[in-house]
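Participant: just a sequence and a predicted model for now, questions to come.
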Amino acid sequence: MTEYQVIHSRASRIDAPDKATGRAKFVDDIRLPGMLYGALLQSPFAHARIVNIDTSKAKRLKGVKAVVTAEDAGQVKYGVSPARYDETLFCFEKARYMGDEIAAVAAVDLETALEAVSLIDVEYEELPAVLTIQAAMAEGAPVLHDEFPRNVGAEVHHEFGDIQASLAECDLVRTDTFQSKKQDSAAIEPHGCVADYNLRGYLTLHTATQVPHYVQRTMAMVLGLPVGKVRVLKHYVGGGFGGKASANPMEMSACLLSMKSGRPVKMNYTREQVFLFGRGRHQFTHTLTTGVKKDGTVMALKNECYLDGGAYSSFGIATVYYAGSLLGGPYKIRSMQYDGYRVYTNKPACGAQRGHGGVIARAAWEQQLDMIAEELGMDPVDLRLKNMMNKGDISCNDLYMSSLGMRECIEAVRDQSDWKKKRGRLPKGKGIGMACGFFVSGAGYPIYRSETFHCTAMVKLSEDGGTAHLYTASAEIGQGSDTTFGMIAAEALGVPLDMIRVSSGDTDFGVDLGAYSSRQTLMTGHAVKEAAEEAKRQVLEVLSDELKIPIDVIDIQDGFIVFRNGLVDFRDLRRRYMKEHRGWTDNPTGKHLTFKEGARIAFLSRGTIIGRGKYRPRPLGGQYKGAAVGTSPAYGCSAQVVEVTVDMETGKITLDRMNDAHDCGVAINRTSVEGQMQGSLSMGVGEALFEEVKFDEKGKCLNPNLAEYKIPTALDMPYINPIIVETNEPYGPYGAKEVGEGAIMPTIPAILNAVHDATGIRFHELPLTPERVFMAIKEKEAKETGGDDQT
Amino acid sequence: MKTLIRITVNHEERELAIEPNMTLVDLLRDELGLTGTKKGCGLGECGACTVLLDGKPVNSCIVLAMEAHEREVVTIEGLETDEGLHPIQRAFVEKGAIQCGFCSPGMILSAKGLLDQHPNPDEQDIRKAISGNLCRCTGYQKIVEAIQSVATGTK
């Protein structure tokens, strides 16, 4: 592999010292002079007509500076996919879930704002609500959105190859149904924002977001402001995972309140409001029919899926496509058929969450593949090795694997887990299971149809030449993107990481679609690399002129100017530099010309040196409707082996060890790659074992808190053995591709398969709570005893 | 009516007039500007607001500021010394134990609470000590490794 100066290392994150000492600023840490505090009024009914809203009492309360409802907000429809803009800021005819926003107040402090909210009189006419897919799709069911009878907001029907003909050739066909539960992103930082509208008509929104660019466009559209007058910036963000991947009504409320009051307005979601905003993983029900040949060759996959979407579309159109288009890989399948339905229900809207759309489909199918392996008498590892794609393969739905280290991943987890010795040979109550997965390195197209660059970047050299300042609008949300891009800029420019300053997350710095679909390392990485290379080229051009030597013999490495044709007399340049820095104590003295001197000379010749970079994926995908979803410039893949202990008396599952191999292309920062792998696995563990957002029969969320909505603690997580598999991705910057989401894919099915190995029981519903496991063990015991009685 | 309290915050004695219903986290963040202490739930569930009260980790969102009267509070801002970062802070930086960083201040203080009492904890002790501090980013492994490295004095 190529020798690198900066990337491919374990450099400490550039933001870590600030975060370790409490210096790092998050949105809730912002206090602006004259700042007001905002609060929301939300619907107490899951479905209700709004007959009248009276804000007069609230407006009269001392300390209240603005009260806004749909009347003030207008009725501009917004959402995530333009094809399904179905939300408005504040309900104007009816509320569609318990928590739907009715009004907002800004006051001198939070207590006053909350009191004013309680003084708003709303006359509701309660409507019957639909809370399950069955109820929502029933004949004559109440309809959430008039345009969508039977509440089917989006459906997809795809067939690749001739599914019936393929099934006819199979020796074994089996059908299984699998169901998950609604999940919450549960980032530890709740959403928050501060909106600041000034007297010149410019709006600045500080917000905890993964996507400053989309938030900027949504604010501009909903509030009727030119995009150029809206600046959205994020500070450090306390985790996103999808829950912060779109604009939220609190941000819009804060902006509108600031516009009305002429003062900055701060708003935060409480933890309960985070759950009410929702946008976590949908509840999926997949019915999968898979056909194979006797030798294990997978021939056909039929996938029917119903998504419980909640009250609004949010990311739903993409989700319902992803639940089909991402399933085929990483295997070669002759034919695939997909029928997906996303259904509106009177609950908080679901959206995108880590592994968007693909996680439950993957869980269902990788478990079914295990069942098929069992029926065929094949080792599950061998079944996967037999069917996996390789570099250069194209899936039946036209996804091109420009690199794919699937074999290396499978073999690594097999060998490092002692699979062959353990599989099927562990004592009762102990089990081992494996699964695979793959994921996009960024979506091939923006969320709105556009020819836009997906990202731009700028590298500006300071006039003294000592610092290169990278500006990118990308979103550091905890995944380490600032460090990654600092490292890429340093590598491309030829300087050490500590000479790079990174400013990010601000729409003033350019366009970047943000942190979702595992896109930033590959996409923003390209733009950053190009920007740094252009800055470097400008410095080299000036040096070439000044020194009268060809540009192609000069390079920059580790902060020094390197001459490939031997010694070059640069004394004149150094004299010029020194002359301008008389009395300075850090003037260069060594026998090599420094980057600092070179960059200073370039500044003297050309003014500020700015390198610019941009990136837009090449045209991707097939010709069919929806072909754009699931396309990506490159795909990551992974394999996991998990070992579990199931307490046969209580049904409690303990994870003993997880082995995870992930192909991330070339790892830019090895420690960060491992961190993404380990974090993905813990989110998968939560979804497999504990997590479920619950509602009562009136549509009230029953567990909108972190005590009753359980995410993994340190005691729930086992040792994770992270194995980085590196391929050289031709379409990635320095060969890099995704790791942030793909790593979650195999976790749930690997656990399911391990639990089966331990108990002999297949579970077709998540999460695997002790209660569910205990009941299944009892049922199995009863059946076995009953069986014995009859014989 | 406001009440006068006297507390030591990060080795400095302060006298403050506060509302009796004010929580310790709001006192630290809003009155003293110590925003390193984070607020993730306000219900004592996530541990982001962990501070040391007389050396013991507490969720400062469910401690009334008045309860800290004549007691000693240490927040994340109080850990650094003239030599720079506290060894636990340094380990978190070097071992990649920090991702989004929102749980880190609380996590580091829980670790300090543990190591001050038990300088040589085993892995299970560490996991138990930080089990009240939720982290959604890391899967906890690099956090555990960082705390272990401080305990054993390894790099």
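Facilitator: The structure has been received and is ready for your questions.
Participant: C-alpha only now, for contacts and for neighbours.
Facilitator: Noted.
Participant: which single residue in the stretch 451-600 of chain A comes nearest to chain B?
Facilitator: Across the stretch 451-600 of chain A, no residue is closer to chain B than A:Gly478, which sits at 3.3 Å (Cα to the nearest Cα).
Participant: what's around that residue, how many residues?
Facilitator: Using other Cα atoms under 10 Å in any protein chain shown, A:Gly478 is surrounded by 23 other residues.
Participant: skipping adjacent residues, who's closest to it in space?
Facilitator: Leaving aside its chain neighbours, A:Gly478 sits nearest to B:Cys100 (3.3 Å; criterion: Cα to Cα, 6 or more residues apart in numbering or on different chains).
Participant: after whatever helix or strand A:Tyr37 lives in, next one along is what?
Facilitator: Element membership of A:Tyr37 [criterion: DSSP states H and E] is strand A:36-42. Using DSSP H and E, the next helix or strand after strand A:36-42 towards the C-terminus is strand A:48-54.
Participant: just checking, what packs against the helix or strand following that next one?
Facilitator: Heading C-terminal from strand A:48-54, the first helix or strand you meet, by DSSP H and E, is helix A:56-60. If you count contacts as 3 or more Cα pairs under 8 Å, 6 or more residues apart in numbering or on different chains; DSSP states H and E, helix A:56-60 packs onto strand A:64-69, helix A:110-118.
Participant: thinking again about what came up before, which phi and psi does the residue nearest to A:Gly478 have?
Facilitator: phi -70, psi -30 (degrees, to the nearest 10).
Participant: if I pick it, what's in contact with it?
Facilitator: Shown in contact with B:Cys100 (Cα atoms under 8 Å, 6 or more residues apart in numbering or on different chains): A:Tyr236, A:Val237, A:Gly238, A:Gly239, A:Ile477, A:Gly478, A:Gln479, A:Gly480, B:Cys137.
Participant: which residue sits closest to the fifth one, ignoring its sequence neighbours?
Facilitator: When you say that, I think you mean A:Ile477. Closest residue to A:Ile477 apart from its sequence neighbours, by Cα to Cα, 6+ apart: A:Val237 at 4.7 Å.
Participant: contacting residues around that neighbour?
Facilitator: A:Phe26, A:Val27, A:Glu189, A:Ala208, A:Thr209, A:Gln210, A:Glu476, A:Ile477, A:Gly478, B:Cys100, B:Phe102.
Participant: what do you get if the cut-off is 7 Å, keeping everything else the same?
Facilitator: Taking Cα atoms under 7 Å, 6 or more residues apart in numbering or on different chains, we find A:Val237 in contact with A:Phe26, A:Ala208, A:Thr209, A:Ile477, A:Gly478, B:Cys100.
Participant: please apply the same query to A:Val227.
Facilitator: A:Gln216, A:Arg217, A:Ala220 are the contacts of A:Val227 under Cα under 7 Å, 6+ apart.
Participant: of these, which is the most crowded?
Facilitator: That'd be A:Gln216 among the contacts of A:Val227, by other Cα under 10 Å, with 24 neighbours.
Participant: neighbours of the residue lying closest to that one once chain neighbours are set aside, how many?
Facilitator: Once flanking residues are discounted, A:Gln216 sits nearest to A:Val232: 5.6 Å by Cα to Cα, 6+ apart. Residues near A:Val232, counting by other Cα under 10 Å, number 25.
Participant: for A:Val232, phi and psi?
Facilitator: Per degrees, to the nearest 10, the backbone of A:Val232 is at phi -120, psi 130.
Participant: what separation do you get for A:Tyr338 and A:Ser258?
Facilitator: A:Tyr338 sits 47 Å away from A:Ser258, going by Cα to Cα, to the nearest Å.
Participant: brain fart, A:Val502
Facilitator: Per Cα to Cα, A:Val502 is found 30 Å from A:Ser258.
Participant: compare those two (neighbour count), which wins?
Facilitator: Ranked by neighbour count (other Cα under 10 Å), A:Val502 and A:Ser258 place A:Ser258 first, with 28 against 19.
Participant: what about the contacts of A:Val227, which are in helices?
Facilitator: Among the contacts of A:Val227, DSSP state H puts A:Gln216, A:Arg217, A:Ala220 in helices.
Participant: could I get those as TSV with pLDDT?
Facilitator: Listed next are those as TSV, based on pLDDT from 0 to 100:
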residue	pLDDT
A:Gln216	98
A:Arg217	98
A:Ala220	98
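Participant: and of those residues, the nearest to chain B?
Facilitator: Distance to chain B, by Cα to the nearest Cα, is smallest for A:Gln216 among these, at 22.6 Å.
Participant: thought the closest one was touching A:Gly228?
Facilitator: No. Assessed by Cα atoms under 7 Å, A:Gln216 is found out of contact with A:Gly228, at 9.2 Å.
Participant: secondary structure element for A:Arg600?
Facilitator: Following DSSP H and E, one finds A:Arg600 within helix A:595-606.
Participant: what comes up buried for that helix?
Facilitator: Of the residues in helix A:595-606, A:Phe595, A:Lys596, A:Glu597, A:Gly598, A:Ala599, A:Arg600, A:Ile601, A:Ala602, A:Phe603 count as buried by neighbour count, 16 or more other Cα atoms under 10 Å in any protein chain shown.
Participant: confirm that A:Asp482 sits in a strand.
Facilitator: No. Per DSSP: H, G, I helix; E, B strand; the rest coil, A:Asp482 lies outside any strand segment and is helix.
Participant: now it: how far from A:Val27?
Facilitator: 17 Å.
Participant: packing partners of the longest helix seen in chain B?
Facilitator: When chain B is parsed with DSSP H, its longest helix is helix B:104-117. Contact partners of helix B:104-117 among helices and strands, from 3 or more Cα pairs under 7 Å, 6 or more residues apart in numbering or on different chains; DSSP states H and E: helix A:16-21, strand B:50-53, strand B:56-59, helix B:123-129.
Participant: most tightly surrounded among those?
Facilitator: strand B:50-53 (a mean of 26; mean count of other Cα atoms under 10 Å in any protein chain shown).
Participant: convert the C-alpha atoms of the helix or strand of chain A with the lowest mean pLDDT to PDB, please.
Facilitator: When the helices and strands of chain A are scored by mean pLDDT, DSSP states H and E, helix A:770-790 comes last with a mean of 87. The C-alpha coordinates for helix A:770-790 follow below in PDB (Å, rounded to 0.1, in the frame of the first residue of the first chain):
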ATOM      1  CA  PRO A 770     -36.200 -11.700  28.300                       C
ATOM      2  CA  GLU A 771     -40.000 -11.900  28.300                       C
ATOM      3  CA  ARG A 772     -40.200 -12.800  24.700                       C
ATOM      4  CA  VAL A 773     -37.400 -15.300  24.900                       C
ATOM      5  CA  PHE A 774     -38.700 -16.800  28.100                       C
ATOM      6  CA  MET A 775     -42.200 -17.400  26.600                       C
ATOM      7  CA  ALA A 776     -40.600 -19.000  23.500                       C
ATOM      8  CA  ILE A 777     -38.500 -21.300  25.600                       C
ATOM      9  CA  LYS A 778     -41.600 -22.300  27.600                       C
ATOM     10  CA  GLU A 779     -43.600 -22.900  24.400                       C
ATOM     11  CA  LYS A 780     -40.800 -25.000  22.900                       C
ATOM     12  CA  GLU A 781     -40.600 -27.000  26.100                       C
ATOM     13  CA  ALA A 782     -44.300 -27.500  26.200                       C
ATOM     14  CA  LYS A 783     -44.300 -28.700  22.600                       C
ATOM     15  CA  GLU A 784     -41.400 -31.100  23.200                       C
ATOM     16  CA  THR A 785     -43.100 -32.500  26.300                       C
ATOM     17  CA  GLY A 786     -46.400 -32.700  24.400                       C
ATOM     18  CA  GLY A 787     -44.600 -34.500  21.600                       C
ATOM     19  CA  ASP A 788     -43.100 -37.000  23.900                       C
ATOM     20  CA  ASP A 789     -46.500 -37.700  25.400                       C
ATOM     21  CA  GLN A 790     -47.900 -38.700  22.100                       C
END
